[in-house]
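Asks: requesting a structural model of the entry that follows:
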Amino acid sequence: MRILDSHFHWWPRSVFEALCKRDGFPRAEPNGKGGYTYWRQEGGSARFNLGEEWFDLDKQIAHMDTLGYEVDVLCSIGPFSLHFSDLPVQEGREAAMLWNAEMAGAQRRYPGRLWASAAVPLRDTDIAIEVVDHAIGELGLVGVNLPGSVGSVDRIDAERLEPFYAHIEKLGVPLFLHPTDSIFPDILDGYDGALYLSLGRVVDVSVSACRLVLSGLMERHPDLKVIMSHTGGALPYQAGRMDKNSKRANLPKPPSTYIKRMYTDTVSPHEMGIRYAIEFYGADHVMYGSDYPCWDPATAVQLFNEVGLSKEDQEKIFYGNARNLFGLPAAN
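Replies: Now for the predicted structure:
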């Protein structure tokens, strides 16, 4: 059976080598294990300290070949997507352009097997649109990464970003929403990161998605395609509470209506969580994802198979839904 892994991370070394040459923050340095340590801001702990498995695409693809399936991948950025909005405006533009060029190069190296979504700097709306147009129209990338926040300055529902969302809707490409480790780590600290990693990222991405709903962005842009990562975070389980307590947002429909219009993935180390996400969103709005190299793809496949879906729904989630959403050609 063929799988299209919709939640796969590869980070280009060139972006981190450039970060190693920066004065001040954000900055990075080699960590002695084939990867990099990254600091977002002065006085804080390192946000990432990642090894070679994040930066060697050939080895990543080779690992996918060990799973016993034909595995294609969709590259997304993950928590690092905020970085391009943390930088000064022009530097953020240049860094995003470099990232996107690397992604386009990866698509050429693995034609028909790897696709990628674009980095976008959101501090300046016009530049965000320019970068997206270059990534989609000239480089051939197939989606756009949406960080859960725009650093310490704005939120993703800022009024000034309305033209950006309108433009993404017009282009018809999906937005991949992922937590970005910027808002909640300080209030969910301790236990050597266990509290934040187990709960904080779910809270982060859930709040971000709620902002897209309560701001009316999903209402005003009915054709906007939003992928809510990690089985929808907390939203499937709290949708009734949102409908009950969100009337002051003055939406014409219950918030759950807009949540269910989103797409999600199967990234959950919990068979019951995967099952409920499929029940809530519907099999047509769920895509298989492994979150590799954050998680073991063999375990991800095993848990998904334990859900016990029909062959038709399994094929949709394993491959068909992502292919249709991203407008990819059928597999050879």
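Asks: who's in contact with the helix or strand harbouring residue 322?
Replies: Assigned by DSSP states H and E, residue 322 belongs to helix 321-326. Residues outside helix 321-326 that contact it (Cβ atoms under 8 Å, 6 or more residues apart in numbering): 4, 6, 74, 115, 142-143, 173-174, 225, 227, 263, 283-288, 328-331. Any C-beta I mention is one placed from the backbone N, CA and C, and that applies to glycine too.
Asks: residue 67: neighbouring residues, count only.
Replies: Residues contacting residue 67 under the criterion other Cβ atoms under 10 Å number 15.
Asks: quick one: it and residue 296, what's the gap?
Replies: Per Cβ to Cβ, to the nearest Å, residue 67 is found 10 Å from residue 296.
Asks: for residue 256, same thing?
Replies: Noted for residue 256: a distance of 32 Å to residue 296, by Cβ to Cβ.
Asks: neighbour count: these two, which is higher?
Replies: Ranked by neighbour count (other Cβ under 10 Å), residue 256 and residue 296 place residue 256 first, with 19 against 14.
Asks: hmm, residue 241 and the more buried one touching each other?
Replies: No. Here residue 256 does not reach residue 241: they are 9.8 Å apart, not a contact under Cβ atoms under 8 Å.
Asks: phi and psi next, for residue 30.
Replies: Dihedral pair for residue 30: phi -60, psi 140, per degrees, to the nearest 10.
Asks: for the chain, which spans come out with low pLDDT?
Replies: Low-confidence segments of the chain (pLDDT under 70): 152, 182, 332.
Asks: in the longest helix along it, what's buried?
Replies: When the chain is parsed with DSSP state H, its longest helix is helix 89-109. Using 16 or more other Cβ atoms under 10 Å as the test for burial, helix 89-109 gives 92-104, 106-107.
Asks: what's the following helix or strand past it packed up against?
Replies: Beyond helix 89-109 on the C-terminal side, the first helix or strand identified by DSSP H and E is strand 114-118. The contact analysis (3 or more Cβ pairs under 8 Å, 6 or more residues apart in numbering; DSSP states H and E) places strand 114-118 against strand 70-76, helix 89-109, strand 143-147.
Asks: now those in TSV, with distance to residue 205?
Replies: Rendered in TSV, the data for those read as follows (distance: least, Cβ to Cβ, whole Å):
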stretch	distance to residue 205
strand 70-76	13
helix 89-109	21
strand 143-147	10
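Asks: and for residue 157, the neighbour number?
Replies: 18.
Asks: what about it, which SS state?
Replies: coil (DSSP: H, G, I helix; E, B strand; the rest coil).
Asks: nearest spatial neighbour of residue 9, chain-adjacent residues omitted?
Replies: residue 78 (4.9 Å; Cβ to Cβ, 6 or more residues apart in numbering).
Asks: what angle separates the helix or strand harbouring residue 207 from strand 143-147?
Replies: Per DSSP H and E, residue 207 falls inside helix 201-214. Put simply, helix 201-214 runs at 110 degrees to strand 143-147, going by axes from the mean of the first three to the mean of the last three Cα atoms, to 10 degrees.
Asks: and helix 201-214, what does it pack onto?
Replies: When contacts are defined as 3+ Cβ pairs under 8 Å, 6+ apart, helix 201-214 packs onto strand 175-178, strand 226-228, helix 235-245, helix 255-261.
Asks: returning to what we had before: which of the residues in the helix holding residue 322 are buried?
Replies: Buried-residue list, helix 321-326, by 16+ other Cβ under 10 Å: 321-323, 325-326.
Asks: now, which of those residues sits nearest residue 25?
Replies: Proximity of these to residue 25 (Cβ to Cβ) peaks at residue 326, which lies at 34.2 Å.
Asks: okay, the helices and strands packed on helix 201-214 in TSV with distance to residue 162 next?
Replies: As requested, these are exported to TSV (distance: least, Cβ to Cβ, whole Å):
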stretch	distance to residue 162
strand 175-178	14
strand 226-228	15
helix 235-245	22
helix 255-261	16
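Asks: looking at these, which is closest to residue 45?
Replies: The closest of those to residue 45 is strand 175-178. By Cβ to Cβ, the value is 20.4 Å.
Asks: and for the next helix or strand after the closest one, what's in contact with it?
Replies: Once strand 175-178 ends, the next helix or strand along the chain (criterion: DSSP H and E) is helix 194-195. With contacts defined as Cβ under 8 Å, 6+ apart, helix 194-195 is touched by 188-189.
Asks: what does stretch 39-49 give?
Replies: By Cβ under 8 Å, 6+ apart, the residues outside stretch 39-49 that reach it are 24-28, 31, 35-38, 79-80, 82-83, 86, 181-182.
Asks: now, the residues you listed that are in strands?
Replies: If you go by DSSP state E, these have 27-28, 36-38 in strands.
Asks: the helices and strands packed on strand 114-118: which one's closest to residue 312?
Replies: Going by Cβ to Cβ, the one of these nearest residue 312 is strand 70-76, 18.8 Å.
Asks: what's the closest one packed up against?
Replies: Packing contacts for strand 70-76, counted by 3+ Cβ pairs under 8 Å, 6+ apart, involve strand 2-9, helix 57-64, strand 114-118, strand 143-147.
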